[in-house]
Structure formats: structure tokens, C-alpha cells
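A.B. asks: Give me the fold of what follows.
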Amino acid sequence: MSTATLTDRPTPPRAERAPAVETMTMAAALNRALADALAADDRVLIFGEDVGALGGVFRITDGLTARFGEHRCFDTPLAESGIMGTAVGMAMNGMIPVVEMQFDAFALPAFEQVVSHVAKLGNRTRGATRMPIVIRIPFGGGIGGVEHHCDSSEAYYAHTPGLTVVSPSTPQEAYSLLRAAIASPDPVVFMEPKKLYWSKGPVDTSVTAELREARVVREGTDVTLISYGPSVPVALAAAEVAAVDGRSVQVVDVRTLTPFDDATVMAAVRGTGRAVVIAEAPGFASVASEIQARVFEQCFEYLEAPVRRVAGFDVPFPSPKFEHWNLPDVDRVLDAIDSLHFQEDER
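C.D. replies: Prediction:
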């Protein structure tokens, strides 16, 4: 197989290149990122349950087998532990596996492989054996699914040293971050918000992303909303409503849960003096509680009020009929903002 990398390939003449910016769904952006990575490097392989002819449950891999062949994008048995173990062996032998776990909770049978081997082999071998594996996991609610299909399992992976954990919130971020994840020499858990698969936005395929950088997506001076993945649109919608009431709300998209970008997040909080962390996962021992703790530790002298959290409740994921009660929404975020002890003369 070729050992060319994403940066080795010659750039086609400008006249032969398609327009860089297109409007597409997040699902289409992920598909484009996978296709471009397959075309750029012969070592990239995609496999998982139903990712071949079917194109995946959410059609993220649609058309890739037909275009690149069954040896590059192929189906596996229904055995997540086996999928992950196979990826480890492939990575040890110079390939770049991109595996799909069909649903978030379905990835748990592979968790031992991820924690014991994927996350640790680089350290165990003092860097002699790297694990350039991307583990794609559709996660979160908002699709009317049931237990095992709408979990938010990001804290399990973020708690594991040796893993980079990423979650995009827009089609552009989905494309750029997935390309960066595949180019990484170390393992990346790529958490894809299921409810955003059909969201649309412009995608510039020439835009690159850094895996360790958060991003301020809306400027504001009164309060900072900190979120990632499926909750970023909720934060932005709350900011719009709050603006009508005279609040200037800043929104930070964490993007990479670990390694965490303290510099960007803390600078944002120090500028407003107030913060609310928003995430779908149950709040106890969560990524949201870790962010809250970091803000308290690093920004305490700047805070005008306690840091609030708006998270899922500490219960198993409810049935579709009750899902909307569990997920953070604009009203819950606005209630959290209103609790931050604003003085009327600050308006």
C-alpha cells in the first residue's frame, strides 16, 4: 500500500477543482470528509456494521464502497469488540482504520479494547507503536430513539488518558474536524450528534481545524455559555432570545472535550464574569461538571456569580414521549442565565 499522507499528495490545478464552498448537511459533510480521506491516503480504511452496501444506519458512508471498493469500506459482523480489536491490529501494521460504532451504547462492548489497548499502546511502547484510529460514534438524543440509541457516553472516553475526544456542532466543523482526526497519529473518539445529521450549513473543504482548539461562535459581554456538539445550537438559540431581553450572551463551542482548551474557555469567562455549561449527558461526574470545576479553579476571582450547569437528568434515557423533558432546551438555559445575580443597573 502507498505510504502517502494527506499532505504528500499533489494539489490538482485550480481549474480541475470543484468549488470549495458548498451548502450541505452534517451527514453529507462527514461523507465528504471520509471520501476525501480515502482518496488522499491508501492506508485509510472504513469498516463497521452495515457501513458498506447500506451506507450505515444514518447513510454517512453512502456510496463509499461503490467508489473505493469493498477492500476500503466494508461491513463487519455484529461484534463491536472484534471491530475494535481488528482496528488495533491494523493500526499496528501501518493502516489508518476509521471504525463506526452504529449507536453510542452499542460501542460499550468495545470499551475494554478502547481503554486497555487503543488508549495505552502509544504510552506502553514509548511511542514506538502509534494508534492512528478514529472511532466514530453517533451519540445524543433528539431523534425520538429509545434506550441504547440516544445515550451520551462522552465522559467515559474523556476520562481515559490517551484519547482525544471530539464533537462537531456544524457541517463545517464535522468536515474539518474529521479530516484532522484521520490525519492524527493518535486515537480520536469522534462523537457525532445524531440530531444534527440533517442540519445544513456552508462547508469549505479547504478549511482545516486543530483538534485541541475551542472556538468562540458568538461574542457577548454579560455571560458565557459553554457547550459542545448537540447543545451548541441550543446555546445559540438561547443567546438570541436573551438578546431580546437585553442580555449580551457569548457562546463558546468546546469542540475538543479532551485535551481541553483552557486558554480559550477561561479567557471567555474572565471577559464576562458569568458562565453556564450546557450538555445533554447526565450532570453527575460529567464533562459538564469537569468544565464547571475548571472554570471555578481558574476564574474564581473573576466570577460575579456561581457557574451553572444545564444538563440531562441523572436517569436512564427516557422513552421518546418524555425525551424533550430530559434534554437541555432554551427555557432551561434562560432560567440558568436569570439565576446569575444580574444587577438591574448593569443593563
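
A.B. asks: drop to CA atoms for contacts and neighbour counts, all remaining ones
C.D. replies: Fine.

A.B. asks: I would like the residues contacting stretch 218-237, please.
C.D. replies: Here stretch 218-237 makes contact (CA atoms under 8 Å, 6 or more residues apart in numbering) with 140, 167-169, 191-196, 247-255, 257, 265, 268-269, 271-280, 328-330, 333, 337.

A.B. asks: Show me those that map onto helices.
C.D. replies: 265, 268-269, 271-272, 330, 333, 337 (DSSP state H).

A.B. asks: Farthest-apart pair in the residues you listed, please.
C.D. replies: Greatest spacing in those, by CA to CA: Gly271 and Val330 (23.0 Å).

A.B. asks: ok so, going back, please, a PyMOL command that selects the buried ones among the contacts of stretch 218-237?
C.D. replies: A single PyMOL command selects the buried members of these (16 or more other CA atoms under 10 Å):
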select buried, resi 140+167+168+169+191+192+193+194+195+196+247+248+249+250+251+252+253+254+255+257+265+268+269+271+272+273+274+275+276+277+278+279+280+328+329+330+333+337
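
A.B. asks: quick one: the strands in this protein?
C.D. replies: 21-25, 44-48, 73-75, 96-100, 134-139, 164-166, 188-193, 200-204, 215-218, 223-227, 249-253, 256-258, 275-282, 308-312 (DSSP state E).

A.B. asks: Figure out which of those is closest to Phe342.
C.D. replies: Comparing the strands of the chain by CA to CA, strand 223-227 comes nearest, at 9.9 Å.

A.B. asks: Quickly run through the sheet partners of the closest one, with directions.
C.D. replies: Strand 223-227 sits in its sheet next to strand 249-253 (parallel), strand 275-282 (parallel), going by DSSP bridges.

A.B. asks: who touches the first one?
C.D. replies: With contact meaning CA under 8 Å, 6+ apart, strand 249-253 is reached by 169, 214-229, 232, 235-236, 239, 242-243, 265, 268.

A.B. asks: now that strand, how far from the chain's geometric center?
C.D. replies: Taking the mean of its C-alpha atoms, strand 249-253 sits 17 Å from the chain's own mean (CA atoms, centre = their mean, to the nearest Å).

A.B. asks: Put the alpha carbons of it into PDB.
C.D. replies: The C-alpha coordinates for strand 249-253 follow below in PDB (Å, rounded to 0.1, in the frame of the first residue of the first chain):
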ATOM      1  CA  VAL A 249     -24.500  36.400  25.600                       C
ATOM      2  CA  GLN A 250     -21.300  34.900  24.400                       C
ATOM      3  CA  VAL A 251     -21.200  31.300  23.200                       C
ATOM      4  CA  VAL A 252     -18.100  29.000  23.200                       C
ATOM      5  CA  ASP A 253     -18.000  25.700  21.300                       C
END
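
A.B. asks: taking the mean pLDDT, what do you get for it?
C.D. replies: The average pLDDT within strand 249-253 is 98.

A.B. asks: re earlier: please produce TSV containing the ones in helices among the contacts of stretch 218-237, extended by distance to Phe74 and pLDDT.
C.D. replies: Putting those into TSV (distance: CA to CA, whole Å; pLDDT from 0 to 100) gives the following:
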residue	distance to Phe74	pLDDT
Val265	40	98
Ala268	44	98
Val269	45	98
Gly271	49	97
Thr272	49	98
Val330	41	97
Val333	42	98
Ile337	47	97
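
A.B. asks: Packing partners of the longest helix seen in the chain?
C.D. replies: When the chain is parsed with DSSP H, its longest helix is helix 26-40. If contacts are counted by 3 or more CA pairs under 8 Å, 6 or more residues apart in numbering; DSSP states H and E, helix 26-40 sits against strand 44-48, helix 171-183, strand 200-204.

A.B. asks: Could you list the low-pLDDT ranges of the stretch 151-300 of the chain?
C.D. replies: Scanning the stretch 151-300 of the chain for pLDDT under 70 picks out nothing.

A.B. asks: repeat that for 90
C.D. replies: Applying pLDDT under 90 to the stretch 151-300 of the chain picks out residues 151.

A.B. asks: So what would you say the end-to-end distance of stretch 192-207 is?
C.D. replies: 19 Å (CA to CA, to the nearest Å).

A.B. asks: Run through who's touching it.
C.D. replies: Taking CA under 8 Å, 6+ apart as the rule, stretch 192-207 contacts 20-27, 29, 136-143, 167-172, 175-176, 229-230.

A.B. asks: With stretch 69-78 instead?
C.D. replies: With CA under 8 Å, 6+ apart as the criterion, stretch 69-78 contacts 38, 44-53, 64-65, 83.

A.B. asks: swap in stretch 49-57?
C.D. replies: Against stretch 49-57 from outside (CA under 8 Å, 6+ apart): 59-66, 70, 73-78, 100-102.

A.B. asks: Try it again at 6 Å.
C.D. replies: Residues outside stretch 49-57 that contact it (CA atoms under 6 Å, 6 or more residues apart in numbering): 61-62, 65, 73-76.

A.B. asks: How about stretch 120-127?
C.D. replies: By CA under 6 Å, 6+ apart, stretch 120-127 touches 129-130.

A.B. asks: Can you dump the C-alpha atoms of it in PDB for me?
C.D. replies: Written as PDB, here are the backbone C-alpha positions of stretch 120-127 (Å, rounded to 0.1, in the frame of the first residue of the first chain):
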ATOM      1  CA  LYS A 120      -2.500   2.900  26.100                       C
ATOM      2  CA  LEU A 121      -0.300   1.300  23.300                       C
ATOM      3  CA  GLY A 122       1.400   4.500  22.400                       C
ATOM      4  CA  ASN A 123       2.500   5.100  26.100                       C
ATOM      5  CA  ARG A 124       3.200   1.400  26.700                       C
ATOM      6  CA  THR A 125       5.700   1.300  23.800                       C
ATOM      7  CA  ARG A 126       7.100   4.800  24.500                       C
ATOM      8  CA  GLY A 127       5.800   6.000  21.200                       C
END
